[in-house]
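Visitor: sequence and predicted structure are below.
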Amino acid sequence: MTTPPRGLRERKKQATREALREAALRLAVERGPDQVRVEDIAEAAGVSPRTYNNYFVSREQAIVSAVTTDREARIAAAVAARPGGVRLADAVTEAVVEQYTDTGEREQKALLLITTQTALRDAFLGTTAGIEPPLTAVIAERLGNAEAHTARVLAASVAAAVRIALEGWLRPAGDAEAVEGFAAGGLVVPSGSLPDQLRMALAPLAPAFDAAEQHTQP
């Protein structure tokens with residue numbers, strides 16, 4: 001049997017992942033997350049449960065993927081796109097806030113589910129670690145390759161700060177007031193707005209970013 005070219009294989013994998021992600025979210029919205037099985041998602045996407053397991057380890061991961069897919073890469077790209085004269089701390093903060101709050105209809109549906117389901121919240125929080133690798137590369141480029149260790153520490157700190165912000169934001173989830181407020185059209189729950197939570201969590205890192213930038217100046 002002839003092996004498909006690498007580019008074609010990668011496109012097929014991406015298409016399968018997208019189909020699973022969309023099926024998981026659609027079924028979760030229609031039935032409720034607790035009423036959706038991995039087998040249901042696989043069938044809706046036209047693949048076997050075994051194929052499903054090659055892409056996601058749980059239904060929660062597939063549902064959460066509808067809102068988190070490629071976010072880590074987009075954060076890094078947004079930082080890289082900021083002009084060199086922009087303070088690095090500001091570039092990182094704005095990139096994080098932008099990518100976590102600029103959501104479309106699909107993402108809003110997923111986030112509404114996430115705010116009301118413990119298992120989905122846990123899966124959502126678990127995705128923050130993915131911020132570190134791509135952000136490390138971008139920060140290292142801004143600081144110079146000699147500062148690679150510093151870049152990794154800063155990126156890991158950003159990932160931790162984002163997780164803390166999300167934990168604070170999601171804490172009252174499940175409360176009727178939280179669901180009603182979120183569904184009304186904003187990323188706001190009784191604990192406050194998500195942008196505010198993110199900015200507050202990232203603010204203590206600004207001096208470290210500033211010190212790293214000053215260290216690289218001639």
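Guide: Yep, that arrived.

Visitor: longest helix in this structure, please.
Guide: helix 6-31 (DSSP state H).

Visitor: need the residue closest to the centroid of the protein.
Guide: By C-alpha atoms, centre = their mean, the chain has its centre lying nearest to T68, at 3.8 Å.

Visitor: show the pLDDT at it.
Guide: In this model, T68 is scored at 86, pLDDT.

Visitor: nearest spatial neighbour of it, skipping sequence neighbours?
Guide: T127 (4.6 Å; C-beta to C-beta, 6 or more residues apart in numbering). C-betas here are computed from N, CA, C, even on glycine.

Visitor: before we move on, what about S48?
Guide: A42 (6.0 Å).

Visitor: give the burial count for the one you found, as a bare number.
Guide: Using other C-beta atoms under 10 Å, A42 is surrounded by 23 other residues.

Visitor: same deal with I114?
Guide: Counted with other C-beta under 10 Å, I114 comes out at 27.

Visitor: so it touches L170, yeah?
Guide: Yes: at 7.4 Å, I114 counts as touching L170 under the criterion of C-beta atoms under 8 Å.

Visitor: between these two, what contacts are shared?
Guide: Residues touching both I114 and L170 (C-beta atoms under 8 Å, 6 or more residues apart in numbering): R121, F124.

Visitor: and the strands in the chain?
Guide: 188-189, 192-193 (DSSP state E).

Visitor: weakest of the ones you listed in terms of mean pLDDT?
Guide: For the strands of the chain, mean pLDDT drops lowest on strand 188-189, to a mean of 51.

Visitor: quick revisit: quick one: average pLDDT of the longest helix of the chain?
Guide: Mean predicted lDDT for helix 6-31 stands at 89.

Visitor: what residues of it count as buried?
Guide: 16-17, 19-29 (16 or more other C-beta atoms under 10 Å).

Visitor: about what we covered before: quick one: the residue nearest to T68 and D90, what's the gap?
Guide: 24 Å (C-beta to C-beta, to the nearest Å).

Visitor: higher neighbour count, those two?
Guide: T127 (20 against 13).

Visitor: mind listing what that one touches?
Guide: Neighbour list for T127: V64, T68, R71, E72 [criterion: C-beta under 8 Å, 6+ apart].

Visitor: apply 10 Å and report the result again.
Guide: Applying C-beta atoms under 10 Å, 6 or more residues apart in numbering, we find T127 in contact with Q61, V64, S65, V67, T68, T69, R71, E72, A159, V162, R163, L166.

Visitor: count the residues that sit near the last one.
Guide: Using other C-beta under 10 Å as the criterion, L166 is surrounded by 21 other residues.

Visitor: how near is it to A159?
Guide: 11 Å.

Visitor: what do the two both touch?
Guide: Common neighbours of L166 and A159 (C-beta under 10 Å, 6+ apart) are T127, T128.

Visitor: distance from stretch 21-30 to the middle of the chain?
Guide: Distance, stretch centre to chain centre, for stretch 21-30: 18 Å (C-alpha atoms, centre = their mean, to the nearest Å).

Visitor: quick one: average pLDDT of stretch 88-102?
Guide: 94.

Visitor: nope, stretch 211-218 is what I was after
Guide: Mean per-residue pLDDT for stretch 211-218: 80.
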